[in-house]
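**Student:** Could you work out the structure for the sequence below:
(chains A and B)
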Protein chains: 2
Amino acid sequence: MLSLVILGTGNVATHLAKVFFKTKNLQLKQVYNHRSNSLKDFEKYCPVTTNLDQLEEADVYLIAVKDDKIKALAARLNIGKALVLHTSGSVGMNALRNHQNHGVFYPLQTFSKKRSVNFAEIPLCVEANSKENLGKTEKIAREISGKIFKINSEQRRSLHVAAVFVNNFTNHLYQIGAEICEENNVAFEILQPLIKETAAKIETLNPKQAQTGPALRKDKQSISNHLQMLSPEKQEIYKLLTASIKNTHGKKL
Amino acid sequence: MLSLVILGTGNVATHLAKVFFKTKNLQLKQVYNHRSNSLKDFEKYCPVTTNLDQLEEADVYLIAVKDDKIKALAARLNIGKALVLHTSGSVGMNALRNHQNHGVFYPLQTFSKKRSVNFAEIPLCVEANSKENLGKTEKIAREISGKIFKINSEQRRSLHVAAVFVNNFTNHLYQIGAEICEENNVAFEILQPLIKETAAKIETLNPKQAQTGPALRKDKQSISNHLQMLSPEKQEIYKLLTASIKNTHGKKL
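**Tutor:** Predicted coordinates:
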């Protein structure tokens, strides 16, 4: 059985603590955060500490703090030959290189404290500085998910950028849709089944095959009608994405 | 029991014919299209015709053809006092005003011939030129869906624009994500659970609450790192959407 300590109490730490606690073959030994307030929710799972000098001995230390705090926190860890992992999509593995054994354990999902997630469905991107460490990292991953991908730091960074498009920017398009609905006294819920199907569709079709709409059809009349209904800011987004769709689908492959 | 004739054989017509055929209290009497080839798939449901002079008598004629063909087709229909409906999101109800009884029956969903849909979950936006015609239109809607919304032509047009953002443009962001993955030899499937969760999240949070990412956090370092990894076209989209997120969330409400 592998024993673990989690450092950090954000969304990722919260969901990982919950799933590790439930898992038979992993032992969650401790959670650390510098503020005791943030540790309250973790007391039901395991002992907690605000003091790095009082860290429990464990096989693996999992750093789940903000990207710009990872390196500094890692530097302060006095844990000998234990394996240190971080959970970030955009920080290179070498941020942990002051530790002999290190790697990355990146769950590619959007986490909110209030929404429960099914870890079995979450892709875990793993990387480590040796075969043995990779094996250990994969062992943890297999305990909680069926979707494990060996991804190097550069690939992970590209995944993180791609995630900004398909998650952050997509959510902002939902926000624009919600604003248009609100301005016209229409319930946003009318759009929800469409949003769900748009996401579900690309599990069987690739996004290129799934594309529809006036930009793809080069339907100038609809495009011009739509632009007339939009505010200048939304017009600009509409124009740029329409041009990009035309560009993507106009190319000869 | 209401009897229906469908005019058109596109995606919407295909899915409507299928669901009407299965419904007990609606009788699908005929499907019309000017090309006999397109009618083949419909022969299993009901008689078909390529001749407008041979249309069956029915209570309701449902026009499910391309937006720019609706008015002209409606003008050629010689159907007395029967109710004529179109299924378009962007064409006003008055495109059918040469008929005494008319209205709109707009299913707000993205349809592909190859993907089956669950009509019970699809919002049906209805409108008609009299109380009686609205009642009849709602009666058809209730037979196939639990989600019926009374929406006027202007609201419907705004919904259609909103749908371009949350469906067409969102799918294009998926395409950009897929391209970034491909360029970096990463499987696009790694992003699919994130895409699904992004869509599911807004059923419990509104998009404004659900927003995350570097633009929201005003995390200049991540934004600058991301921009360096992108082609000029993707950079432009990244910049514009980042500015728009900042603008949306910077406002005092």
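
**Student:** quick one: contacts for the residue of chain A positioned farthest from its centre?
**Tutor:** The outermost residue of chain A, judged against the average C-alpha position, is residue A:221 (39.2 Å), by CA atoms, centre = their mean. Shown in contact with residue A:221 (CB atoms under 8 Å, 6 or more residues apart in numbering or on different chains): residue B:68. Where C-beta positions appear, they are placed from N, C-alpha and C, glycine not excepted.

**Student:** quick one: what helix or strand has it in it?
**Tutor:** Here residue A:221 sits within helix A:220-228, counting by DSSP states H and E.

**Student:** okay, residue A:113: pLDDT?
**Tutor:** Per-residue pLDDT puts residue A:113 at 78.

**Student:** quick check, it in a strand?
**Tutor:** No. Counting by DSSP: H, G, I helix; E, B strand; the rest coil, residue A:113 is not found in a strand; it is coil.

**Student:** Please look at it and residue A:14 and confirm they touch.
**Tutor:** Yes. Between residue A:113 and residue A:14 there is a contact under CB atoms under 8 Å: 5.7 Å.

**Student:** Those two: which is more packed in?
**Tutor:** For the pair residue A:113 and residue A:14, the greater number of neighbours falls to residue A:14 (21 against 10), based on other CB atoms under 10 Å in any protein chain shown.

**Student:** hey, where'd the helices end up in the stretch 51-200 of chain A?
**Tutor:** A:70-76, A:131-144, A:153-163, A:170-183, A:192-201 (DSSP state H, counting those that start in this stretch).

**Student:** Tell me which of these lies nearest to residue B:78.
**Tutor:** Taking CB to CB, helix A:192-201 is the member of the helices of the stretch 51-200 of chain A nearest to residue B:78, at 35.5 Å.

**Student:** Does chain B have contacts with that closest one?
**Tutor:** Yes. Interface with chain B: helix A:192-201 contributes A:192-201 (CB under 8 Å from any CB of the partner chain).

**Student:** residues making contact with that helix?
**Tutor:** Contacts for helix A:192-201 (CB under 8 Å, 6+ apart): A:174, A:177, A:210, B:108-110, B:112, B:115, B:117, B:121-123, B:147, B:163, B:166-167, B:170-171, B:195-196, B:198-200, B:202-203.

**Student:** for the record, mean pLDDT for it?
**Tutor:** For helix A:192-201, the mean confidence score works out to 96.

**Student:** CA-only coordinates of that helix in CSV, if you can.
**Tutor:** Taking C-alpha atoms only, helix A:192-201 is exported to CSV below (Å, rounded to 0.1, in the frame of the first residue of the first chain):
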residue,chain,number,x,y,z
GLN,A,192,-29.0,23.8,-22.3
PRO,A,193,-30.0,20.7,-24.2
LEU,A,194,-28.3,22.2,-27.3
ILE,A,195,-25.1,22.8,-25.2
LYS,A,196,-25.2,19.3,-23.9
GLU,A,197,-25.7,17.7,-27.3
THR,A,198,-22.9,19.9,-28.8
ALA,A,199,-20.5,18.4,-26.3
ALA,A,200,-21.9,14.9,-26.6
LYS,A,201,-21.7,14.9,-30.4
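
**Student:** mean confidence for the next helix or strand after that helix?
**Tutor:** Next along the chain after helix A:192-201, taking DSSP H and E as the criterion, comes helix A:207-210. Mean pLDDT, helix A:207-210: 94.

**Student:** Against which helices or strands is helix A:207-210 packed?
**Tutor:** Packing contacts for helix A:207-210, counted by 3 or more CB pairs under 8 Å, 6 or more residues apart in numbering or on different chains; DSSP states H and E, involve helix B:170-183.

**Student:** buried ones in the worst-scoring helix or strand of chain A on mean pLDDT?
**Tutor:** Least confident helix or strand of chain A, by mean pLDDT, DSSP states H and E, is helix A:214-217 with a mean of 92. Going by neighbour count (16 or more other CB atoms under 10 Å in any protein chain shown), the buried part of helix A:214-217 is A:214-216.

**Student:** need those in JSON lines with distance to chain B, can you?
**Tutor:** Below are these laid out as JSON lines (distance: CB to the nearest CB, whole Å):
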{"residue": "A:214", "distance to chain B": "7"}
{"residue": "A:215", "distance to chain B": "6"}
{"residue": "A:216", "distance to chain B": "7"}
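
**Student:** any chance of those residues in JSON lines, with distance to residue B:243 too?
**Tutor:** Shown next, in JSON lines, are the buried residues of helix A:214-217 (distance: CB to CB, whole Å):
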{"residue": "A:214", "distance to residue B:243": "24"}
{"residue": "A:215", "distance to residue B:243": "21"}
{"residue": "A:216", "distance to residue B:243": "26"}
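
**Student:** what residue ranges in chain A score low on pLDDT?
**Tutor:** A:251-253 (pLDDT under 70).

**Student:** Looking at it, which helix is longest?
**Tutor:** Secondary structure of chain A per DSSP state H: the longest helix is helix A:232-250.

**Student:** That helix packs against which elements?
**Tutor:** With contacts defined as 3+ CB pairs under 8 Å, 6+ apart, helix A:232-250 has these neighbours: helix A:170-183, helix A:214-217, helix A:220-228, helix B:170-183, helix B:232-250.

**Student:** Surely residue A:165 touches residue B:176?
**Tutor:** Yes. Contact criterion CB under 8 Å: residue A:165 and residue B:176 qualify, at 4.9 Å.

**Student:** Now do the shared contacts for the two.
**Tutor:** residue B:237.

**Student:** Just want the residue of the stretch 51-200 of chain A that's nearest chain B.
**Tutor:** Going by CB to the nearest CB, chain B is nearest to residue A:168 of the stretch 51-200 of chain A, at 3.3 Å.

**Student:** ok, now how distant is that residue from residue A:110?
**Tutor:** Residue A:168 is 9 Å from residue A:110, where distance means CB to CB, to the nearest Å.

**Student:** what sits in contact with each of these two?
**Tutor:** Shared contacts of residue A:168 and residue A:110, defined by CB under 8 Å, 6+ apart, comprise residue B:212.

**Student:** what about the strands in the stretch 1-150 of chain A?
**Tutor:** Assigned by DSSP state E, counting those that start in this stretch, the strands in the stretch 1-150 of chain A fall at A:2-7, A:26-32, A:48-49, A:60-63, A:83-86, A:101-107, A:124-128, A:148-150.

**Student:** Okay, buried residues for the fourth one please.
**Tutor:** Meaning strand A:60-63. Neighbour counts over strand A:60-63 (16+ other CB under 10 Å) mark A:60-63 as buried.

**Student:** Tabulate the strands of the stretch 1-150 of chain A (CSV), appending distance to residue B:183.
**Tutor:** Listed next are the strands of the stretch 1-150 of chain A as CSV, based on distance: least, CB to CB, whole Å:
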stretch, distance to residue B:183
strand A:2-7, 33
strand A:26-32, 35
strand A:48-49, 43
strand A:60-63, 29
strand A:83-86, 25
strand A:101-107, 19
strand A:124-128, 17
strand A:148-150, 17
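
**Student:** For residue B:188, find the nearest of these.
**Tutor:** Across those, residue B:188 has its closest neighbour in strand A:148-150 (11.6 Å, CB to CB).

**Student:** Share the number of residues neighbouring the closest residue to residue A:229 other than its chain neighbours, please.
**Tutor:** Leaving aside its chain neighbours, residue A:229 sits nearest to residue B:161 (5.5 Å; criterion: CB to CB, 6 or more residues apart in numbering or on different chains). If you count neighbours by other CB under 10 Å, residue B:161 ends up with 25.
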